Every structure is written in structure tokens, then in C-alpha cells.
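> My questions concern the predicted model and sequence given below.
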Amino acid sequence: MTINWELVWSSLGPILMGAVTGTIPVALASFGLGLLLALVVALMRLSRNPVLSGIARIYISVIRGTPLLVQLFVIFYGLPSIGITISPWPSAIIAFSLNVGGYAAEVIRAAILSVPKGQWEAGHTIGMSRRQSLVRIILPQAARVSVPPLSNTFISLVKDTSLASLILVTELFRQAQQVAAFSQEFMLLYLEAAVIYWIICLALAGGQSVLEKRLDRYVAH
């Protein structure tokens, strides 16, 4: 198999542009919204209120028990059947955010539970309310514990954004599809897209390692 290097270089610009204008923005927006949702769900899961805890359990179970592709299709192709039409970009962000929320909620819950109960008692001793103790004492410690798994969730999300091409979001993989359809060099263009995803994930993994080392300085050994 001879490699058409001219095609590789000419397609690199459009594919990278798809990553910059599609893949990365969708991933960042979805991850940010997903983390906010995950925090709320994790606190609901920890709540002593059986209704709130039950709703959180059901949400997590549904998200973790169904494929992301199905969730994406339900939002983009399913909702119009009941009169709710959402354009491709918001549909992708909603689906990815809900998915991140379901997985990250358990990560955050476990991180909160990993903080010794004595920290809660210490906050109460100095006159803090439970809410103040949570915000000022517990969550900062839980954040350090949750960095590795949440970083892995973000890396997985970056790869999962390729599914957005199925609902017409112009991101990295869809750009590769369009060039491949025009040139008929499907294997070459898909491999090129795979290499770019790999490089992006390597860069994110490197950033994760640096962040973990910095946070580790503030953890007592």
C-alpha cells in the first residue's frame, strides 16, 4: 500500500480545524456542564432524603446502563417525535453532559466519602455549618482524590465526541469522513484521524500527570 502523502498533508488542515472548532469545544463544554451535574447528583446520592437519593440512583443507573450512542440518538432523533427539536450542537453537548454526569457522579461521591469523617467534625467544632464544611474543607480534599479518574473521563469524552459526527456535528472525525468521501481514500483518512485523536489524548494524559504531581505536593504522606 502506497501512502498518498500529498493527500495526508492537504487533509491535515481541515481535520485539525475540525478538532479545534468542533471536538475540543464540544468536549470542554460537555465536561464542564457534566461536572456541575455530577456534583449535584453526587450530593443527592449522599443525601439522607430517600427521594433525592432514589432519583440520583435511577439517573446513574440509566446513564451507566445504556450506550452513549443510544442516548445521543434519543435526544437528536427521538425527541422530535414528541415535538422537541434540538439542533446538532446542543444535542451533542446535552447527551455528552448527561453521560459525563452519570459517570462522574460516582467518582465525586467516592471522593467525598474518602475524606475522613473527622474533617466534618473539625468543621463543626470551629462553628461551620455542614454546608460550609462541605465547600471549604471536604470538596477541596475530594477534588485532589478525584483528579485521576475525572481526567480519564475527560480523555474518554474527547474520543467519544466522534459519535457527534452521526448527528451532523462538524468535528474532527466528520471532517475526515468528508475528505475520505471526496478522495475515496477511506483507510488513509481514518488512520490519519486516529493518529490525531491519539496525539490529543497523549497530550491530555501528559497534562494529567503534571496536574497530579502538583496536587500531590499538598497531600500529607
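Good, I have the coordinates.
> where does the chain dip in pLDDT?
Scanning the chain for pLDDT under 70 picks out the ranges 1, 216-221.
> try 90 this time
Scanning the chain with the threshold set as pLDDT under 90 gives 1-5, 8, 48, 112-148, 168, 170, 208-221.
> And the strands in it, which stretches?
Per DSSP state E, the chain carries no strands over any range.
> Residue for residue, what is the longest helix it has?
When the chain is parsed with DSSP state H, its longest helix is helix 186-216.
> list the helices and strands that one packs on?
helix 5-18, helix 139-160, helix 172-183 (3 or more CB pairs under 8 Å, 6 or more residues apart in numbering; DSSP states H and E). All C-beta atoms are positioned from the backbone trio N, CA, C, and that covers glycine.
> Is it possible to get TSV of those that adds mean neighbour count?
Output for these, formatted as TSV (neighbours: other CB atoms under 10 Å):
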stretch	mean neighbour count
helix 5-18	15
helix 139-160	18
helix 172-183	20
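> Check the offset of the longest helix of the chain from the chain's centre.
14 Å (CA atoms, centre = their mean, to the nearest Å).
> between that helix and helix 139-160, how many degrees?
170 degrees (axes from the mean of the first three to the mean of the last three CA atoms, to 10 degrees).
> that older thread, residue 56: which of the helices and strands packed on helix 186-216 is closest?
With respect to residue 56, and counting by CB to CB, the nearest of the helices and strands packed on helix 186-216 is helix 139-160 at 16.7 Å.
> could you dump that closest one to PDB, C-alpha only?
Output in PDB follows, covering the C-alpha atoms of helix 139-160 (Å, rounded to 0.1, in the frame of the first residue of the first chain):
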ATOM      1  CA  LEU A 139     -14.700  19.300  48.500                       C
ATOM      2  CA  PRO A 140     -11.100  20.700  48.100                       C
ATOM      3  CA  GLN A 141      -9.800  17.400  49.500                       C
ATOM      4  CA  ALA A 142     -12.200  15.400  47.400                       C
ATOM      5  CA  ALA A 143     -11.100  17.300  44.300                       C
ATOM      6  CA  ARG A 144      -7.500  16.100  44.700                       C
ATOM      7  CA  VAL A 145      -8.700  12.500  45.000                       C
ATOM      8  CA  SER A 146     -10.900  12.700  42.000                       C
ATOM      9  CA  VAL A 147      -8.400  14.200  39.600                       C
ATOM     10  CA  PRO A 148      -7.100  10.900  38.100                       C
ATOM     11  CA  PRO A 149     -10.500   9.300  37.400                       C
ATOM     12  CA  LEU A 150     -12.100  12.500  36.200                       C
ATOM     13  CA  SER A 151      -9.100  13.100  33.900                       C
ATOM     14  CA  ASN A 152      -9.600   9.700  32.400                       C
ATOM     15  CA  THR A 153     -13.300  10.500  32.000                       C
ATOM     16  CA  PHE A 154     -12.300  13.700  30.000                       C
ATOM     17  CA  ILE A 155      -9.900  11.700  27.800                       C
ATOM     18  CA  SER A 156     -12.600   9.200  27.000                       C
ATOM     19  CA  LEU A 157     -15.000  12.000  26.300                       C
ATOM     20  CA  VAL A 158     -12.700  13.500  23.700                       C
ATOM     21  CA  LYS A 159     -12.700  10.200  21.900                       C
ATOM     22  CA  ASP A 160     -16.500   9.800  22.300                       C
END
